[in-house]
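Asker: sequence and computational prediction follow.
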Number of protein chains: 2
Amino acid sequence: MSKAKLRVIPLGGCGEIGKNMTVFEYGSEAIILDAGIMFPMNDMHGVDYIIPDFNHLRQRTDLKIHGILFTHGHEDHIGAVRHVVEAFPDVPLYATRLTAGLIEVKLREARLGREAKINVFRAGETFRLGTFKIEAFHMCHSIPDCVGFAIDTPAGLVVHSGDYKFDNMPLDGHKPDYARLAEYGRRGVRLLMADSTNADRPGWTPSESTIEPAFDTVFKQASGRIIIATFASLISRIQLAAKMALRYNRRLAIVGPTMREYVKLAREIGYLDIPEPLLLDPAKMNDVEPHKLVIMVTGSQGEPTAVLTKLARGEQRTMDIIPGDTILLSSHPIPGNEELVYRTINKLYGRGANVVYDSLSRVHVSGHCSQEEMRLLISLTKPDYLMPVHGELRHLIQHGKLGVECGIPQSNIVIAENGTVVEVDRHHVRKGERIPGGWVFVDGSGVGDIGPAVIRDREILARDGFVVIAVTVDKKTGKPISEAEVISRGFVYVREAEELIESVKAAVYDTLKHTQSENGKRRELVEQTVGRLLYNETKRRPMVFSILSEV
Amino acid sequence: MSKAKLRVIPLGGCGEIGKNMTVFEYGSEAIILDAGIMFPMNDMHGVDYIIPDFNHLRQRTDLKIHGILFTHGHEDHIGAVRHVVEAFPDVPLYATRLTAGLIEVKLREARLGREAKINVFRAGETFRLGTFKIEAFHMCHSIPDCVGFAIDTPAGLVVHSGDYKFDNMPLDGHKPDYARLAEYGRRGVRLLMADSTNADRPGWTPSESTIEPAFDTVFKQASGRIIIATFASLISRIQLAAKMALRYNRRLAIVGPTMREYVKLAREIGYLDIPEPLLLDPAKMNDVEPHKLVIMVTGSQGEPTAVLTKLARGEQRTMDIIPGDTILLSSHPIPGNEELVYRTINKLYGRGANVVYDSLSRVHVSGHCSQEEMRLLISLTKPDYLMPVHGELRHLIQHGKLGVECGIPQSNIVIAENGTVVEVDRHHVRKGERIPGGWVFVDGSGVGDIGPAVIRDREILARDGFVVIAVTVDKKTGKPISEAEVISRGFVYVREAEELIESVKAAVYDTLKHTQSENGKRRELVEQTVGRLLYNETKRRPMVFSILSEV
């Protein structure tokens, strides 16, 4: 490894590239950008969430990690903070005020509150981390206090956009810092790493403030309660709900512990302007007339344990949907969640609520830039090389095409997958070695203890279940001396498949009676026989196991 | 049950209402409309497909079923034909020419080719089925020979739209029969049952012919092979591909047995115009230069066993993706399939192909009407009552709102769920009893033998797997006389969890040594102890079973 090269390593979970973590190494120095989680895809059975695989950093004892920088406070950028803090307890964290607050909440939950040192900076500030000179610049997104970074390195200036949109009418009045981006362009940007999420959307993403009219219409027309569902960390949307509640003389109740905690924090540090008398203790919701009430909940993605999902199923302990309720889903389904989201909407309708969601009315806009904004960022920063990040491969490639349209040579478009080391020096930017891994599954308290083999078994179990056959056999002759016992789940409804189970027992008895081989061989034979029998009878392939207890 | 009432019963699978089958009963007479399948939702583990639950018809020995009518040849309308023919072998089928051909293919596959009698009719024809007078009228959709039905009954005229869009420039030149719909309006429509699929889309669905320019651009720009993926039964799209291949002097190869069979049939009966020399045997693809080749495949929904999905994974036996290939996905992901579709697209990009899909270019349009067409159908037929069908509850409710906008009283909008009997007489249309069931799972060769209990078990197995513990115990004392054997799948990677397995064995030994209870009780105790231990160690809840062999 040459000392003269900057190594940029995108890391992160499943679908998206470079979304959850990026490592910058120069010689024996390193910084980390973001530490977020990804949610599992539908076929990653039983996985709670996914964290970037930063194992190679642990093994690099030569490496001095100067700090972990955060762009903003969403889960996919800060959700894995407890895991990095556990791995690198001495490395300081760097975040803006709101992001730092949200990180503190996460660390307290993980009982790591006292371990980590968070350095708070403001957009516009500059600080040095070893060989890296960091400048944070303000970017707009769907949460306040969001930044991108210009990272000055011996190999040149790298600009990382973070998640962004160019919002000229942001709800918090804090516009994008075009001047500074243009200044980077003048100074010379070696490599631009930029958000590709919406690279297949033409035009310009509408401003956060363009959803206000749709909210206003809902508030004007609703005669009963208004229930607004969104992400707990979508602070801008909570601000809008508060504004509307004030305008229409309704009280605002925040239901759900995470959203309550986030609101409390954001109000304390001045990122959420909600006058105290507007807020209503959820326990007192029944004391207020329905048309005087706005309720904010989580569950806009159909998450099984979120408030809205429980309301749809009638399983929320503290409240129920009542006919006349208007439910406003201020969100767009994340790919893979459509089925859950639409099922929730259908159930809410089934309970007599009116539901307003984004295909009916503009009650949500994306927090990510569209094509025209991507072209603008390229035109402002004029990078030598473009490395699209934050998106699936199809988005990165599309973003790369936009770069070529804007005058970057095709050979200077760097499409790297998670774990691919991108080497930057004064002459080239090119893809280097591939680091093993990419992401790690978290399931229960286990981090990385289940891998593809276990997931594959879960896949088979989910499809056809399993069958276990236990028989006691004579130690000397190997002949069965008890009837086989059959345990099965997920295969057939056993009470209605008595005949099938009887034929399994008969086949096992028969097999054991006519074989002389040793125990292991006989088990295999029993399993094959039963597997074949079950497939012939049902065209299903459950996992089959046998236990032969010798006495 | 009054003899003077028409009973309309929407049936079908999971998400959508009245999509796959509708039963019309009048006294002891009945007809069935469509017999389609639904694909399972992501959490219906291991289910191959879902058929409507028509058990109540089997039990009604008093009922004379005069016929089964089909609107068109898509899977969700004909896919369950083998199951209805098995249940009612003597009931004649009624379909247009192309639909009848596709049904015959299905019945031959199920070795029921000789059982069923299919009566072929044309759009515009009228026939009598007992008390029901049937008129078939032409509607446009994404497959030719598609009809709706006007069903004249003693309780009034019922118009069922089938799947439709009002396409004024259909590829086959066969326009919607507006005059006939208007004539029904003059005669007086008691109940309109109409397609609600796109009820949340404003405007008018673009004509099938509007995707031709996008296809043309792809053909003009592609320098290598063009691979087009769509549904096997999307005959209109296959026609367009053939037209383009002819224009750009490329040969057309159809890969995949179902699509080949459908193309053969549609050509034979004149619904697909492909000159013989245009077609290329897929076995000879390598003899043709890449830029002279169009390949049609299935797999536009990311179906795991379809050709395109296998190509993306590099597992298609007969061909591979090569850099320079252009892949055209002429489809839109069905909700729930997004993840699979986008994963397939990403993998195809990863293999060096260029991929064109509907968010990048208009290479697909919906086969279903949008809001303006729904308003038009209502205005043409002027029904007393509107019963939205074909769509999720949210679509039906939205369609109902359109009906009210068009002047139908809110009280005359009938939103029924699958299995709800809608009673129609000369005075009222209202919802009556609810018939149990709604749909039936098909898994392997089992029809209806797995239900919610098995699916729930599969859910648990998918999440956390299972653990089986087998111990031989002394019959008299109940004390263990062998070490416990542990079988586990989907829970932890056993080879890396030796310590955990050892602690399970120890806990089992300990439990059995200190208990005196009878076998069943001891099993329960072992299972509880192990379950608790595993939860404490891993925060997971695998299914735990124990087998105590007494000797």
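Answerer: Okay, I see it.

Asker: the strands in the stretch 401-550 of chain A, which residues?
Answerer: For the stretch 401-550 of chain A, the strands defined by DSSP state E, counting those that start in this stretch occupy A:420-424, A:429-434, A:439-443, A:446-447, A:466-473, A:485-489, A:543-550.

Asker: now these as CSV including mean neighbour count and mean pLDDT?
Answerer: No exception for glycine: its C-beta is placed from N, CA and C like everyone else's. Formatted as CSV, those follow (neighbours: other Cβ atoms under 10 Å in any protein chain shown; pLDDT from 0 to 100):
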stretch, mean neighbour count, mean pLDDT
strand A:420-424, 21, 96
strand A:429-434, 16, 94
strand A:439-443, 23, 88
strand A:446-447, 16, 88
strand A:466-473, 23, 93
strand A:485-489, 20, 93
strand A:543-550, 22, 92
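
Asker: nearest to residue A:407, out of the ones you listed?
Answerer: Evaluated with Cβ to Cβ, these place strand A:429-434 nearest to residue A:407, the distance being 16.4 Å.

Asker: quick one, the closest one and strand A:420-424 angle?
Answerer: 140 degrees (axes from the mean of the first three to the mean of the last three Cα atoms, to 10 degrees).

Asker: what lies in contact with strand A:429-434?
Answerer: Residues from elsewhere that reach strand A:429-434, judged by Cβ atoms under 8 Å, 6 or more residues apart in numbering or on different chains: A:7, A:190-191, A:384-385, A:387, A:412, A:414, A:416-417, A:419-423.

Asker: are any of those buried, and which?
Answerer: A:7, A:190-191, A:384-385, A:387, A:412, A:414, A:416, A:419-423 (16 or more other Cβ atoms under 10 Å in any protein chain shown).

Asker: circling back to that earlier point, when you check chain B, which of the contacts of strand A:429-434 turn up near it?
Answerer: Residues of these in contact with chain B (Cβ under 8 Å from any Cβ of the partner chain): none.

Asker: residue A:289 - how many residues pack around it?
Answerer: When neighbours are defined as other Cβ atoms under 10 Å in any protein chain shown, residue A:289 has 10 of them.

Asker: which phi and psi does it have?
Answerer: phi -60, psi 150 (degrees, to the nearest 10).

Asker: looking at the contacts of strand A:429-434, which is nearest chain B?
Answerer: Distance to chain B across the contacts of strand A:429-434 (Cβ to the nearest Cβ) is lowest for residue A:417, with 8.1 Å.

Asker: which ones are touching the nearest residue to the closest one once chain neighbours are set aside?
Answerer: Once flanking residues are discounted, residue A:417 sits nearest to residue A:17: 6.0 Å by Cβ to Cβ, 6 or more residues apart in numbering or on different chains. Residue A:17 is in contact with A:10, A:389-393, A:396, A:416-418, counting by Cβ under 8 Å, 6+ apart.

Asker: save those as a markdown table, and put in pLDDT too.
Answerer: A markdown table is the format used below for the contacts of residue A:17 (pLDDT from 0 to 100):
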| residue | pLDDT |
| --- | --- |
| A:10 | 94 |
| A:389 | 97 |
| A:390 | 96 |
| A:391 | 95 |
| A:392 | 95 |
| A:393 | 96 |
| A:396 | 97 |
| A:416 | 95 |
| A:417 | 91 |
| A:418 | 93 |
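
Asker: of those residues, closest to chain B?
Answerer: residue A:393 (4.2 Å).

Asker: count the neighbours of the closest one for me.
Answerer: Neighbour count of residue A:393, defined by other Cβ under 10 Å: 23.

Asker: generate JSON lines for the strands of the stretch 401-550 of chain A, with distance to residue A:46 as supplementary columns.
Answerer: Output for these, formatted as JSON lines (distance: least, Cβ to Cβ, whole Å):
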{"stretch": "strand A:420-424", "distance to residue A:46": "28"}
{"stretch": "strand A:429-434", "distance to residue A:46": "28"}
{"stretch": "strand A:439-443", "distance to residue A:46": "6"}
{"stretch": "strand A:446-447", "distance to residue A:46": "10"}
{"stretch": "strand A:466-473", "distance to residue A:46": "15"}
{"stretch": "strand A:485-489", "distance to residue A:46": "15"}
{"stretch": "strand A:543-550", "distance to residue A:46": "16"}
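
Asker: for residue A:305, find the nearest of those strands.
Answerer: strand A:439-443 (15.8 Å).

Asker: can you tell if that closest one touches chain B?
Answerer: Yes: residues of strand A:439-443 contacting chain B under Cβ under 8 Å from any Cβ: residue A:443.

Asker: how distant is that strand from the center of its chain?
Answerer: 12 Å (Cα atoms, centre = their mean, to the nearest Å).

Asker: ok, stretch A:521-537 next?
Answerer: For stretch A:521-537 - counting by Cα atoms, centre = their mean - the centre lies 42 Å from the chain centre.
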